[in-house]
Structure formats: structure tokens, C-alpha cells
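> okay, sequence plus prediction incoming.
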Amino acid sequence: MQDRPIKLLTYNVHSCIGSDRKLDPGRIASVIAETGADIIALQEVDVGRRRTGGIDQAHVIASLLKMQAHFHPALSVAEEQYGDAIITALPTGVIKAGPLPSAGETRGALSVEIIAGDRKLLVVNTHLGLRGRERIQQMTTLLNSGWLHGTAEAPLPTVLCGDFNAIPSSATYRLVARSLRDAQLAGGDAPKATFPSRYPLMRLDHIFVTDDLVVRRAMVLQTRLTKVASDHLPLLAEISFA
């Protein structure tokens with residue numbers, strides 16, 4: 001792990017229901033496996049929901065990848081949960097999860113300290129709201145309330161990723177871009193849209209990094225499989241410690 005970049009993937013999996021309306025967590029796991037990602041941040045994951053067969057999608061996908069899942073429900077109704085997950089086979093440290101200020105559907109964030117060799121990396125995964133003012137409040141909370149600093153005395157190298165529901169011209173994107181770097185811009189290639197998966201028009205899914213991380217490469221994965229597995233395309237970044 002010390003000699004090669006860490007591969008980090010963010011992916012809104014749409015409850016594992018594809019653009020062909022087929023429910024298939026195995027197909028999502030196949031998309032992830034093809035990338036060789038070390039750390040996977042998922043949004044729109046169902047756990048125990050009747051509409052998707054009552055299974056724990058985070059656990060199923062992690063099991064297929066021979067990894068561990070850390071799940072945070074942004075929404076809980078009785079036994080049914082819906083939210084975000086971070087999946088990895090790397091050792092993990094402190095985990096933090098909680099709600100974000102929400103006017104509409106409840107939103108949250110999940111952060112996991114991940115141990116890569118003799119270094120630690122903080123990965124924060126979120127799915128922001130649909131309203132502009134709400135997204136600004138949510139991003140302000142993430143940037144200013146200790147979410148990005150972990151529990152270490154000195155701030156850890158940090159990745160903030162997920163479905164921000166925000167295009168690059170939005171106020172939310174501009175807010176985060178003031179203090180963190182967009183991996184798609186830092187990775188060299190021209191940035192690509194992630195939504196909708198069949199005919200991507202909007203760049204809603206993002207990976208942002210602190211200055212102590214180097215982005216070797218970043219890419220949106222557009223294949224026959226990714227075009228049907230979810231309504232979003234996955235975004236992969238290869239990062240290493242500066």
C-alpha cells in the first residue's frame with residue numbers, strides 16, 4: 001500500500017436498482033470489483049427495506065468484495081434504513097456518523113479513519129440535499145464543525161466525497177472548492193459528468209482532497225455495465241500521500 005496509490009471510489013448506487021429497473025446488488029459489486037478500489041464510498045444504500053427485498057445491501061456488497069462495511073442510516077423508519085456506507089478491506093480506526101441540517105429528506109455524513117501502511121487517511125462520505133440553501137448549510141457544517149479534522153491532534157489527510165447534488169457552477173461547489181481540491185481537476189484529464197448514467201449531463205458526484213494528498217488520476221467509469229447498474233456513474237481517484 002505504501003508503494004502504490006490508494007484507489008478511492010464514490011458511487012451513488014440508487015438502492016442497487018439500475019436504469020433498466022433491475023434490482024441487483026451483485027452487479028454493483030461487479031462494477032466496484034473491476035475498478036480494484038481500496039476504499040468505496042456508497043450513497044443511497046438500502047438496509048432492511050421492503051422495496052428492495054429486506055436485505056442489508058451494504059453487507060451484501062462488502063461480502064462479495066471480501067471487505068468490511070460501515071453503514072450510517074440517514075433515514076430510519078421502524079426496521080427500514082437508507083443511507084451511506086464506506087467499504088474497505090484496510091484496517092480502520094475512529095468512525096463518526098451523524099445527521100446534517102436538513103429541510104427536506106434527512107441527510108447525513110459518515111467518516112472513517114483508514115490506516116494505509118503507517119499512515120492514516122480520513123474519508124468523509126455524504127449525500128447532500130436537493131435544495132440549494134439546504135446544501136450550503138450541510139456543506140458549511142461539514143467544513144466547519146470538525147468533520148474534516150478527525151480525532152487526531154493534527155488534522156489527517158482528508159478526502160470528502162459523495163453525491164453533492166451540486167454542479168461546479170453552484171454555490172455549494174464553490175464553497176468546498178475554496179478549501180479543498182477537486183480530484184477531477186487535479187487528476188489531469190478533462191472532468192466528466194456522472195449523472196444520469198446512460199447519457200451523463202451533470203457532474204454531481206465529487207471527490208475533494210486536502211493539500212497533503214496527491215491525485216495521480218481521476219476518472220468517471222463509463223462502461224456498458226456502469227450505464228445500467230445505477231442511475232449515477234462511479235467516480236474513481238488514485239491518491240497518495242504528499
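Looks like it arrived, so ask away. Computed from a predicted structure; not experimentally measured.
> now find how far off-centre the lowest-mean-pLDDT helix or strand in the chain is within its chain.
Least confident helix or strand of the chain, by mean pLDDT, DSSP states H and E, is strand 68-77 with a mean of 92. Here the centre of strand 68-77 is set off from its chain's centre by 13 Å, with Cα atoms, centre = their mean, to the nearest Å.
> name the helices or strands packed onto it?
When contacts are defined as 3 or more Cβ pairs under 8 Å, 6 or more residues apart in numbering; DSSP states H and E, strand 68-77 packs onto strand 39-47, helix 57-64, strand 80-88, strand 92-100, strand 107-116. Quick note: C-beta positions are derived from backbone N, CA and C, even for glycine.
> any low-confidence regions in the protein?
Counting by pLDDT under 70, the chain has low-confidence residues at 1-3, 150-152.
> which residues are contacting the least confident helix or strand of the chain?
45, 47, 56, 58-59, 61-62, 81-89, 92, 95, 97-99, 105-110, 112, 127 (Cβ atoms under 8 Å, 6 or more residues apart in numbering).
> how far away is Leu100 from Pro155?
20 Å (Cβ to Cβ, to the nearest Å).
> more neighbours, the two?
Between Leu100 and Pro155, Leu100 has the larger neighbour count (other Cβ atoms under 10 Å), namely 23 against 13.
> next secondary structure after the longest helix anywhere in the chain?
Under DSSP state H, the helix in the chain containing the largest number of residues is helix 132-144. Downstream of helix 132-144, the next assigned helix or strand under DSSP states H and E is strand 158-163.
> right, and the helix or strand after that next one?
That would be, after strand 158-163 and using DSSP H and E, helix 171-177.
> which helices and strands sit right next to the helix or strand following that following helix?
Moving toward the C-terminus from helix 171-177, the next helix or strand (DSSP H and E) is strand 181-182. Packing partners of strand 181-182 (3+ Cβ pairs under 8 Å, 6+ apart): strand 205-209.
> which elements pack onto the strand it packs on?
strand 6-12, strand 158-163, helix 171-177, strand 181-182, helix 183-186, strand 235-241.
> buried sites along that strand?
By neighbour count on 16 or more other Cβ atoms under 10 Å, the buried set for strand 205-209 is 205-209.
> Gly98: what's it in contact with?
72, 108-109.
> may I ask which of these has the most neighbours?
For those, neighbours tallied by other Cβ under 10 Å; top is Ala109, 25 neighbours.
> with adjacent residues omitted, what lies nearest to that one?
Thr126 (4.1 Å; Cβ to Cβ, 6 or more residues apart in numbering).
> what helix or strand is the one you found on?
Using DSSP H and E, Thr126 falls in strand 119-127.
> sheet partners, orientation included, of that strand?
strand 107-116 (antiparallel), strand 158-163 (parallel) (DSSP bridges).
> which stretch among those is buried most, on average?
Neighbour counts (mean count of other Cβ atoms under 10 Å) averaged over each of the strands paired with strand 119-127 peak at strand 158-163, with a mean of 26.
> for that strand, the distance to its chain's centre please.
Going by Cα atoms, centre = their mean, where strand 158-163 is centred and where its chain is centred differ by 6 Å.
> try stretch 69-85
That offset, for stretch 69-85, works out to 15 Å (Cα atoms, centre = their mean).
> likewise for stretch 23-42?
12 Å.
> list the buried residues for that stretch?
Buried, per 16+ other Cβ under 10 Å, within stretch 23-42: 23, 25, 27-29, 31-32, 35, 37-42.
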